[in-house]
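Participant: Quick one, structure for this:
(2 chains)
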Amino acid sequence: MCKNTTILAIETSCDETSVSVVSNGRNILSNIISSQIDVHKKFGGVVPEVASRKHLESINQVLDSALEEAKVTFEDLDAIAVTCGPGLVGALLIGLSTAKAIAYSKNIPLIGVNHIEGHIAANYIEHKQLEPPFVCLVASGGHSHIVNVLSYEKYEIMGQTRDDAAGEAFDKIARAMGLGYPGGPLIDKIATDGNPDAIDFPRAYLEEGSYDFSFSGIKSSVLNYLNSKKMKEEEIIVADVAASFQESVVEVLAAKLVKAAQAKQSKYAALAGGVAANKRLRQVLKERGEAAGIEVLYPSPVLCTDNAAMIGCAAYYKYISGRTSDLKLNAIPNLTIGDVRI
Amino acid sequence: MLKLLSNSADETFKIGQKLGTLLQRGSLICLSGDLGAGKTAFTKGIGKGLEIEEHVTSPTYTIINEYEGRIPLYHFDVYRLESVEEMYELGYEEYFYGDGSIVVEWADNVKEIIPNERLWITILKTKDDDSREIILEPTGEIYSNIVKELENSEYISD
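Facilitator: As a prediction, the model looks like this:
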């Protein structure tokens, strides 16, 4: 029998401090996420300095829990994986220094992982049949990309946002309506009580054939709507605004992803990133995918948000092909998909 | 001080673009304005004026985006920052006193560390949904000259 490959993965690129132990890439032994949401709620967004300080405070505890739950010790590990970008530099460095310390003291390989490639890999964990190539939409607070996943290591960016990320639009609109943070789940929830056709917000499809996104127009149009209602002292039906706004974002995301999958003759259209947890997006995509004969896949909500299991999964495929990093590995805040710097 | 009226996001972009052609290494542009006022649209224009080919996107989550153009552009968005200490932590001095031009969105949030010499630009929403009032307030000779140049430019005089 072949020996199992056990990888410990660390993710600290933004809100969450997370440590996971993953066996053979797709089997999660533990996935501990210490969410910092409570701290950020008060500020209405991620505050970088707070983020790095909180990561530092919780990393050791999260690490211990991950090892304990997985019932492994440092001696059982074959490699250490860590997110090295994109993200907030101070936050990334906490994970990186922890990972390097373990790799160095246990003399095992260190594997730097691209956070966005990690999001895509979350799909491998829950869909054992899934293998590249396939087309994936990665949408979160900081990213909106349509990616053609050519192999475990090769990616082609088909489209990306030209201004705001999809999740950022959700956060900013939620803030403007006084809903709080994080905006995505709150709008998702309130929208279920609203009428998605109540207000006709614009859909930005951009020029024919483009897989790029633009969400700043819809953001402005919702803000203008709220503003004009306030000026006229008319009642704002928050649920309707949330549902209509959400619909205009979801429709564009779903239409472009299905089109991209068709263009690449992909059997699958996968979703990843925090916005992939949006219930309306999942529903619309399922319908559109079915109509187009494309199977739509997405991870469960816990694997859509930032977590270390997805990093461990992505790292496994780098490990088996010998693509490890050295101890000079640094944080790269503006890392892009398929970036050759790591 | 110069006040300009922009009738659309496209015009805002074009004013930014003209400004971008006038920027030098070390130029500092501070942007104020509400959510959706057009700060990122304006910065996209600056990017075009600096001959940057990439899409200039909102750095709200990343705080700093870097672009290569005629000279580098360091695009800050300090919307999510709560105090100037966070700017020190981000190593802002290396950018401010570096080899590129700098745009800071939501600059009011970090007023204390903004150098005296800069061009402060406020984008105000008007009653009409699409039009904006753009107020340019230069401090120092370099920035006064930039604003004069902008005032005399063909685009503005039409």
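Participant: Touching stretch B:39-48 from outside, list them.
Facilitator: Residues from elsewhere that reach stretch B:39-48, judged by CB atoms under 8 Å, 6 or more residues apart in numbering or on different chains: A:163-164, A:216, B:9, B:12-20, B:23, B:29, B:31, B:33, B:54-58, B:67, B:69, B:73, B:75, B:101, B:103, B:105-106, B:121, B:123, B:134. In short, each C-beta sits where N, CA and C put it, glycine included.
Participant: run the last query once more with 7 Å
Facilitator: The contact list for stretch B:39-48 (CB atoms under 7 Å, 6 or more residues apart in numbering or on different chains) reads A:163, A:216, B:9, B:12-17, B:19-20, B:29, B:31, B:33, B:56, B:58, B:67, B:69, B:73, B:75, B:103, B:105, B:123.
Participant: How far away from the center of its chain is that stretch?
Facilitator: From the chain centre to the centre of stretch B:39-48 is a distance of 7 Å (CA atoms, centre = their mean, to the nearest Å).
Participant: what about it, average pLDDT?
Facilitator: Average pLDDT, stretch B:39-48: 95.
Participant: Does the residue of chain B found nearest chain A lie in a helix or a strand, and which?
Facilitator: Residue nearest to chain A within chain B (CB to the nearest CB): B:Tyr61, separated by 3.5 Å. Under the assignment given by DSSP states H and E, B:Tyr61 is not contained in any helix or strand.
Participant: measure the residue nearest to it when sequence neighbours are not counted to A:Gly87 for me?
Facilitator: The spatially closest residue to B:Tyr61, leaving aside those adjacent along the chain, is A:Gly142, at 3.5 Å (CB to CB, 6 or more residues apart in numbering or on different chains). Distance, A:Gly142 to A:Gly87, by CB to CB, to the nearest Å: 8 Å.
Participant: The residue nearest to B:Tyr61 should be in a strand, yeah?
Facilitator: No - secondary structure of A:Gly142 (DSSP: H, G, I helix; E, B strand; the rest coil): coil, not part of a strand.
Participant: Those residues of chain B touching chain A, which are they?
Facilitator: B:35-36, B:40, B:55, B:57-58, B:60-63, B:65-66, B:80-82, B:85-86, B:89, B:129 (CB under 7 Å from any CB of the partner chain).
Participant: How many residues are close by A:Asn107?
Facilitator: Neighbour count for A:Asn107, taken as other CB atoms under 10 Å in any protein chain shown: 6.
Participant: what pLDDT does it get?
Facilitator: The per-residue pLDDT reported for A:Asn107 equals 97.
Participant: what do you get for A:Tyr298?
Facilitator: 97.
Participant: Then B:Thr139?
Facilitator: 97.
Participant: gap between whichever residue of the stretch 101-250 of chain A sits closest to chain B and A:Thr324?
Facilitator: Per CB to the nearest CB, the residue of the stretch 101-250 of chain A with the smallest distance to chain B is A:Gly142, at 3.5 Å. Distance, A:Gly142 to A:Thr324, by CB to CB: 26 Å.
Participant: more neighbours, these two?
Facilitator: A:Gly142 (26 against 18).
Participant: other SSEs contacting the helix or strand harbouring A:Gly312?
Facilitator: Assessed by DSSP H and E, A:Gly312 sits inside helix A:308-320. Packed against helix A:308-320 by the contact rule (3 or more CB pairs under 7 Å, 6 or more residues apart in numbering or on different chains; DSSP states H and E) you find strand A:6-11, strand A:17-23, strand A:27-34, strand A:79-85, strand A:110-114, helix A:115-126.
Participant: would you list these in JSON lines and tack on mean pLDDT, mean neighbour count and distance to chain B?
Facilitator: Formatted as JSON lines, the helices and strands packed on helix A:308-320 follow (pLDDT from 0 to 100; neighbours: other CB atoms under 10 Å in any protein chain shown; distance: least, CB to the nearest CB, whole Å):
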{"stretch": "strand A:6-11", "mean pLDDT": "98", "mean neighbour count": "28", "distance to chain B": "16"}
{"stretch": "strand A:17-23", "mean pLDDT": "97", "mean neighbour count": "28", "distance to chain B": "17"}
{"stretch": "strand A:27-34", "mean pLDDT": "95", "mean neighbour count": "20", "distance to chain B": "19"}
{"stretch": "strand A:79-85", "mean pLDDT": "97", "mean neighbour count": "28", "distance to chain B": "10"}
{"stretch": "strand A:110-114", "mean pLDDT": "98", "mean neighbour count": "26", "distance to chain B": "14"}
{"stretch": "helix A:115-126", "mean pLDDT": "97", "mean neighbour count": "26", "distance to chain B": "12"}
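Participant: Dump the ones you listed into TSV; add distance to A:Val250 as well.
Facilitator: Formatted as TSV, the helices and strands packed on helix A:308-320 follow (distance: least, CB to CB, whole Å):
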stretch	distance to A:Val250
strand A:6-11	27
strand A:17-23	27
strand A:27-34	26
strand A:79-85	28
strand A:110-114	26
helix A:115-126	18
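Participant: Now do the contacts for the residue of the stretch 101-250 of chain A closest to chain B.
Facilitator: Contacts of A:Gly142 (CB under 7 Å, 6+ apart): A:86, A:165, B:61-62.
Participant: Most neighbours among these, which one?
Facilitator: Ranking the contacts of A:Gly142 using other CB under 10 Å puts A:Ala165 first, with 28 neighbours.
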